[in-house]
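Participant: how would this look folded up:
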Amino acid sequence: MARIGFLGLGNMGGPMAANLLKAGHAVRGFDPVAAAGERLAAAGGAPAGSIAEAVREAEVVISMLPEGRHVRAAYLEPGGVLESAPAGALLIDCSTIDVATARAVAEAASAKGFAMLDAPVSGGVGGATAGTLTFMVGGDPAAFERGRPILGAMGKAVIHAGPSGNGQAAKICNNMMLGIQMISVCEAMALAEKLGLAHETLFEIASKSSGQCWSLTSYCPVPGPVPASPANRGYTPGFTVAMMRKDLKLAQEAAQAVGARTPLGAGAYQLYNLFASQATEGLDFSAIMTMIGAKAN
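Facilitator: All right, here's what the predicted structure looks like:
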């Protein structure tokens with residue numbers, strides 16, 4: 001079992017750290033929110049008062065942070081991971097951030113003698129709690145093999161995507177598809193309703209036809225057809241509007257950087273940006289159905 005320093009114990013990081021503890025690892029974690037550390041302690045972990053304290057004796061450092069700037073600060077600033085972790089520690093960043101930052105931090109880590117993986121996740125809070133996340137991992141193959149059993153304690157699939165930054169590339173491509181697909185399902189459901197076709201009927205047909213996709217069959221954005229979907233509990237989030245907007249923005253920034261054409265991705269970002277401006281950031285991203293299905297003035 002490994003000694004793990006965990007940075008970021010929020011909605012995703014907290015349950016991920018708890019699953020590491022269940023697997024028998026020793027976890028010392030840091031989060032600026034005191035209540036997050038208290039939850040870690042209740043799960044059997046050790047809360048730390050700083051990044052340096054959390055990683056000082058770690059064999060593996062895992063971070064789950066909001067944005068690229070937070071990752072840069074946690075790893076590169078004085079008192080951060082690269083200054084405080086012991087030689088030989090494996091560094092794994094599970095945050096969803098821009099590819100450029102992932103590669104820059106990995107390069108800085110390598111210059112200090114650390115192996116580093118970028119390992120963003122798919123599965124949301126439900127997957128983090130259940131230990132069924134999918135990890136998309138960028139980095140050296142040897143580091144990947146070293147990190148695989150650690151990540152496997154938190155997820156059902158651990159997939160090597162290639163060199164540093166490719167985990168982030170896979171994540172933003174995947175979530176761009178997800179955002180586009182969710183909007184397409186919402187538009188179809190809204191159109192069906194206006195044409196007098198019941199949501200349940202369209203679901204029964206499309207789920208067995210060429211319109212089938214995860215956003216329909218596992219996360220249907222209208223109440224009824226999929227009992228476990230957020231639509232049946234007032235769009236209480238598994239994956240928030242704010243998070244989808246962030247990921248779609250990252251995808252657009254990456255597309256612009258490499259000259260890729262993503263017109264549907266750009267349209268999805270614009271719609272989620274508009275929806276988020278209506279004070280909906282904390283709802284599940286499938287709640288965009290309420291905007292798309294609203295009656296025209």
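
Participant: In the chain, which helix is the longest?
Facilitator: Identified as the longest helix of the chain according to DSSP state H is helix 166-194.

Participant: What residues sit buried inside it?
Facilitator: 166-186, 188-190, 192 (16 or more other C-beta atoms under 10 Å). Where you see a C-beta, it was placed from the backbone N, CA and C, and this is true even at glycine.

Participant: can you check stretch 50-70 too?
Facilitator: So for stretch 50-70, counting by 16+ other C-beta under 10 Å, buried means 51-56, 58-66, 68, 70.

Participant: Show me the residues you listed that map onto strands.
Facilitator: Counted as lying in strands by DSSP state E, out of the buried residues of stretch 50-70, are 60-63.

Participant: Throw the residues you listed into CSV and include pLDDT and distance to Asn232, thanks.
Facilitator: Below are those laid out as CSV (pLDDT from 0 to 100; distance: C-beta to C-beta, whole Å):
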residue, pLDDT, distance to Asn232
Val60, 98, 38
Val61, 98, 38
Ile62, 98, 33
Ser63, 98, 33
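
Participant: Need these in a markdown table (columns: distance to Pro149).
Facilitator: Below are these laid out as a markdown table (distance: C-beta to C-beta, whole Å):
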| residue | distance to Pro149 |
| --- | --- |
| Val60 | 10 |
| Val61 | 16 |
| Ile62 | 13 |
| Ser63 | 18 |
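
Participant: Which pair of the residues you listed spans the longest distance?
Facilitator: The most widely separated members of those are Val60 and Ser63, with 10.9 Å between them, by C-beta to C-beta.

Participant: Let me see the domain layout of the protein.
Facilitator: 3-163, 169-292 (automatic domain parsing).

Participant: Point out the most buried one among those domains.
Facilitator: Neighbour counts (mean count of other C-beta atoms under 10 Å) averaged over each of those peak at domain 3-163, with a mean of 20.

Participant: mind checking how far that one is from the chain centre?
Facilitator: 13 Å (C-alpha atoms, centre = their mean, to the nearest Å).

Participant: worst-scoring helix or strand of this structure, pLDDT-wise?
Facilitator: helix 124-130 (a mean of 92; mean pLDDT, DSSP states H and E).

Participant: Could you name the helices and strands sitting against it?
Facilitator: helix 13-22 (3 or more C-beta pairs under 8 Å, 6 or more residues apart in numbering; DSSP states H and E).

Participant: Give me the contacts around the helix it packs on.
Facilitator: 4, 6-7, 9, 27, 29, 31, 36, 39-40, 43-45, 62, 64, 94, 125, 128-129, 131, 133, 150, 153-154 (C-beta atoms under 8 Å, 6 or more residues apart in numbering).

Participant: So for that helix, mean pLDDT?
Facilitator: Mean pLDDT, computed over helix 13-22, is 98.

Participant: Can you list the helices and strands that the helix or strand following that helix packs against?
Facilitator: Note on helix 13-22: by DSSP states H and E, the next helix or strand toward the C-terminus is strand 26-30. Counting contacts by 3+ C-beta pairs under 8 Å, 6+ apart, the secondary-structure elements packed against strand 26-30 are strand 3-7, helix 13-22, helix 34-42, strand 46-47, helix 51-55.

Participant: residues making contact with strand 26-30?
Facilitator: Applying C-beta under 8 Å, 6+ apart, the external contacts of strand 26-30 come out as 1-7, 9, 13, 17, 20-21, 36-37, 40, 45-51, 53-54, 57-58.

Participant: Just give the strands next to it in its sheet, each with its orientation.
Facilitator: Strand pairing for strand 26-30, determined by DSSP bridges: strand 3-7 (parallel), strand 46-47 (parallel).

Participant: for the residue nearest the centre of the chain, phi and psi?
Facilitator: Centroid-nearest residue in the chain, with C-alpha atoms, centre = their mean: Val121, separated by 4.6 Å. In terms of degrees, to the nearest 10, the main-chain angles of Val121 are phi -120, psi 160.

Participant: what's near enough to touch the nearest residue to it once chain neighbours are set aside?
Facilitator: Spatial nearest neighbour of Val121, excluding adjacent residues (C-beta to C-beta, 6 or more residues apart in numbering): Leu133 at 4.4 Å. By C-beta under 8 Å, 6+ apart, Leu133 lies in contact with 16, 121-123, 127, 154-157.

Participant: tell me the two of those that are most distant?
Facilitator: Greatest spatial distance among those (C-beta to C-beta): Met16 and Ala157, at 14.6 Å.

Participant: returning to that earlier point: what's the overlap in contacts for Val60 and Ser63?
Facilitator: 91-92.
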